[in-house]
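> here is a sequence with its predicted model. Questions after.
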Amino acid sequence: MNILLIEDETRVADFIRRGLKAEGWVVEHATDGETGLEIMQDRDFDIVILDLMLPGITGQRVCQKMRARSNTTPVLMLTALDSADERVAGLRLGADDYLPKPFDFDELIARLHALHRRNTSYADDADDGKLRHEGLIYDYSAMVLTVDDVVVDLSAKERELISLLMTSERKALSRERILNSVWGTHEDPMTNVVDVYIGRLRKKLGPYSGLIKTVRGAGYRFG
């Protein structure tokens, strides 16, 4: 799954990101609501994990703006305020589920799976956990990439990178966006690690290396 996490508490955000990435999911992190809304304009996500108490606009307001834009992505709202009034207000504004802090990580995973099943149950074709483009298939459940039916050995970061690129097909991703999504905000923004890993990934894609295109002055685009 492709998850957008909007959470300003560093400790909580790191805990969630590490856990979800260990599940094989791609996680993009925003520390405030306005940034989260901007990211959603450029990319599609399976689920948004949204903290209620954010700097600037609140999580409730973010959810309200999402629905006003006809964004139907499922929203799991997190809050330290476990009152019935808070839950009802969030649900009325468009949240799909509520999880009070502190929470058990297994419960978070179970709720995310339930939201994803609910959101895809009426799709024309059931989600089989695979991303496809020409002869490339990335099975993000098994975390396996095949090129023309041949399994390609990828490192953990290469798996996160190909998943990010394929889920953002035809959209230009800046180096900073890729760096934050795959390596985290703690990484030195001046590092060339993104370019190095793009080069490695292109070699492993063989005849499909040209699908990862360089966008001059911006970053990279897949497809």
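Yep, that arrived. Numbering: from 1, shown residues only.
> just name the shakiest helix or strand of this structure by mean pLDDT.
Least confident helix or strand of the chain, by mean pLDDT, DSSP states H and E, is helix 84-92 with a mean of 66.
> what is the helix or strand just after that helix packed up against?
Scanning forward in sequence from helix 84-92 by DSSP states H and E, the next helix or strand is strand 97-100. Helices and strands touching strand 97-100, by 3 or more Cβ pairs under 8 Å, 6 or more residues apart in numbering; DSSP states H and E, are strand 75-79, helix 84-92, helix 105-120. Yep, even glycine has a C-beta here, placed from its N, CA and C like the rest.
> and the first one with helix 105-120, angle?
Angle of strand 75-79 versus helix 105-120, following axes from the mean of the first three to the mean of the last three Cα atoms, to 10 degrees, is 150 degrees.
> who are the packing partners of strand 75-79?
Checking 3+ Cβ pairs under 8 Å, 6+ apart, strand 75-79 ends up next to strand 47-51, helix 59-68, helix 84-92, strand 97-100, helix 105-120.
> that one vs strand 47-51, what angle?
Strand 75-79 and strand 47-51 meet at an angle of 20 degrees, taking the same axes, to 10 degrees as the criterion.
> partner strands of strand 75-79, with direction?
Partners of strand 75-79 in the sheet, by DSSP bridges, are strand 47-51 (parallel), strand 97-100 (parallel).
> residues in contact with it?
For strand 75-79, contacts defined as Cβ atoms under 8 Å, 6 or more residues apart in numbering pick out 7, 12, 47-53, 59, 63, 66, 86, 90, 94-101, 103, 108, 111-112, 115.
> how about Ala30, what does it touch?
Ala30 makes contacts with 4-6, 36, 39, as judged by Cβ under 8 Å, 6+ apart.
> ChimeraX command for the buried members of those?
To isolate the buried subset of those in ChimeraX, counting by 16 or more other Cβ atoms under 10 Å, use the following:
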select :4,5,6,36,39
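> outline the domain layout of the chain.
Structurally, the chain divides into domains by automatic domain parsing as follows: 2-120, 130-222.
> still on that earlier bit, check the helices and strands packed on strand 75-79 for me: which has the lowest mean pLDDT.
Lowest mean pLDDT within the helices and strands packed on strand 75-79: helix 84-92, a mean of 66.
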